[in-house]
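**Student:** Next input, structure requested:
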Amino acid sequence: MKTESILVCGGGLAGMATALGLKKAGFEVSVLAPAYQPMALAEQQYHPRVYALSAASQQFLERLGAWGLMRSERITPVNGMELYGDGDGFVQLDAWQNAQTTLTWIVESGELERALYQALQVFSVPWHQDLFADLTANGVLTQSGQTLPADLVIGADGARSLVRSKAHIEHHSTPYHHDGVVAHLNIELPHQNMAYQWFTGDSVLALLPLPDTNEGPQVSMVWSTQAQQAQDFMALDESAQQQHIQRLLGALTQHRLGKLRLRSKPFAFPLTLERSAMIAPRVALVGDAAHRVHPLAGQGLNLGLGDIEELIRVLQDKPSYQSVGEQRVLERYRRARLEPVLAMRLVTHGLHQLFATQVAPIALARNVGMKLVDKLPFIKRHLIAGAAGKIGF
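**Tutor:** Take a look at the predicted model:
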């Protein structure tokens, strides 16, 4: 019987996790992507992009063998969260409120990529150093003109997925007209392994705990703000950016963590809400190629890892007479992901819309609602379980 082959297009987090999971599940799999290039970091320098991993994602990465390859000193457990409304709304979530030791884990993108790539090397997963150009009747055509056979092509090539485009998979994108600005900050007061988030009406600011450095405690800033405001900030010189952070964000946070100071170069990117049909004959999408949600809940990577875990399960459970690329098989994957993806989209988009509305009764209601949630333990347990990836929001 012919062994079916799977080709993963994309060498980022989603692509590497997909290939590793499929290899460990016994499939013949290879990666099509440019050569892996680790980011060179100086001592006590951290990758600019970080993720908040849920308990479900952490357990999946552990099963893949990647979690144990990450350096423990670069992983920050989050024991709780403080959420602030644009009035007097406040919610505090602590892991112990749902009998958990950790709410989530903050990891650097580059550190997770390094661990996944190391695991791929251990399992000898072939890596074609080329780029996807088009689909063929029996596989894909690369930009250098190679033809690679594949019974299933997995698009893990990001939000601007060429695989999605060439497969004619339905895709819808809605701009938020907001940009996300990310950077690492030195803070004056210890973060105590807590994550902090402020909803201000026209922006959302998250400060996520990172390991201390020789300069003291630090956090990762994820600031979602109006596109023009973000662009104005990015156009400032370094000194003016420092003043902006200290003045504007210091006031916004009411100096909860003391003085804030940039310790890394900021980056900005546009925010969009995106969805797709996820599959076509012999093609499946995972991660940002399949969907994107607002980053205010920090669930983008968790959603993508959920895609990967479900796709592997569906391929493992398929009848032996069905091909890995068969429409009926891939339809099971699409259906299984409909509910969790829709639920996350409704939560993140709904929260964005709720706090973007400045109508006085709604502004009052949302802050009253936050104070009510803070007094209801059973709702808190539900929210904490949702953050852990144990149930849907």
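**Student:** hey, where'd the strands end up in the stretch 1-150 of the chain?
**Tutor:** For the stretch 1-150 of the chain, the strands defined by DSSP state E, counting those that start in this stretch occupy 5-9, 28-33, 50-53, 76-78, 80-84, 90-94, 104-108, 127-129, 132-135, 139-142, 147-149.
**Student:** Check which helices and strands the fourth one is in contact with.
**Tutor:** Under the contact criterion of 3 or more C-beta pairs under 8 Å, 6 or more residues apart in numbering; DSSP states H and E, the helices and strands touching strand 76-78 comprise strand 104-108, strand 203-213. For the C-beta atoms, the positions are set from N, CA and C on the backbone; glycine is no exception.
**Student:** Pull up the pairing partners for the last one, direction included.
**Tutor:** The one in question is strand 203-213. The pairing partners recorded for strand 203-213 under DSSP bridges are strand 194-199 (antiparallel), strand 216-226 (antiparallel).
**Student:** Report the buried residues of it.
**Tutor:** Under the neighbour-count criterion of 16 or more other C-beta atoms under 10 Å, strand 203-213 has 203, 204, 205, 206, 207, 208, 209, 210 buried.
**Student:** pLDDT wise, what is residue 379 at?
**Tutor:** You'll see residue 379 listed with a pLDDT of 43.
**Student:** What ranges does the stretch 251-393 of the chain have for its strands?
**Tutor:** Under DSSP E, counting those that start in this stretch, the stretch 251-393 of the chain gives strands at 260-262, 267-276, 279-280, 283-285, 291-292.
**Student:** got the CA positions of the longest one in CSV?
**Tutor:** C-alpha atoms of strand 267-276 as CSV (Å, rounded to 0.1, in the frame of the first residue of the first chain):
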residue,chain,number,x,y,z
PHE,A,267,7.3,47.2,16.3
ALA,A,268,3.8,47.9,14.9
PHE,A,269,1.4,45.8,12.8
PRO,A,270,-2.2,46.3,11.6
LEU,A,271,-5.0,44.4,13.3
THR,A,272,-7.6,42.5,11.3
LEU,A,273,-10.4,40.1,11.8
GLU,A,274,-10.0,37.2,9.3
ARG,A,275,-11.8,34.0,8.6
SER,A,276,-11.7,31.4,5.9
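**Student:** Could you list the paired strands of that strand along with their orientation?
**Tutor:** strand 171-187 (antiparallel), strand 291-292 (antiparallel).
**Student:** I'd like these written out as TSV, with distance to residue 127, mean pLDDT and mean neighbour count added.
**Tutor:** Listed next are the strands paired with strand 267-276 as TSV, based on distance: least, C-beta to C-beta, whole Å; pLDDT from 0 to 100; neighbours: other C-beta atoms under 10 Å:
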stretch	distance to residue 127	mean pLDDT	mean neighbour count
strand 171-187	27	93	18
strand 291-292	26	92	24
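**Student:** Could you export the strands paired with strand 203-213 to JSON lines, including columns for distance to residue 129 and mean neighbour count?
**Tutor:** Converted to JSON lines, those look like this (distance: least, C-beta to C-beta, whole Å; neighbours: other C-beta atoms under 10 Å):
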{"stretch": "strand 194-199", "distance to residue 129": "38", "mean neighbour count": "21"}
{"stretch": "strand 216-226", "distance to residue 129": "31", "mean neighbour count": "21"}
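**Student:** how long is stretch 122-130 from one end to the other?
**Tutor:** With C-alpha to C-alpha, to the nearest Å as the measure, stretch 122-130 spans 21 Å from end to end.
**Student:** Surely residue 190 is in a strand?
**Tutor:** No: counting by DSSP: H, G, I helix; E, B strand; the rest coil, one finds residue 190 to be coil, located in no strand.
**Student:** residue boundaries of the helices in the stretch 251-393 of the chain?
**Tutor:** Here the stretch 251-393 of the chain has its helices, by DSSP state H, counting those that start in this stretch, at 300-317, 327-356, 360-374, 377-387.
**Student:** Need the winner for burial among the strands of the stretch 251-393 of the chain.
**Tutor:** Highest mean neighbour count among the strands of the stretch 251-393 of the chain (mean count of other C-beta atoms under 10 Å): strand 283-285, with a mean of 28.
**Student:** That one pairs with which strands?
**Tutor:** Strand pairing for strand 283-285, using DSSP bridges, gives strand 152-155 (parallel), strand 279-280 (antiparallel).
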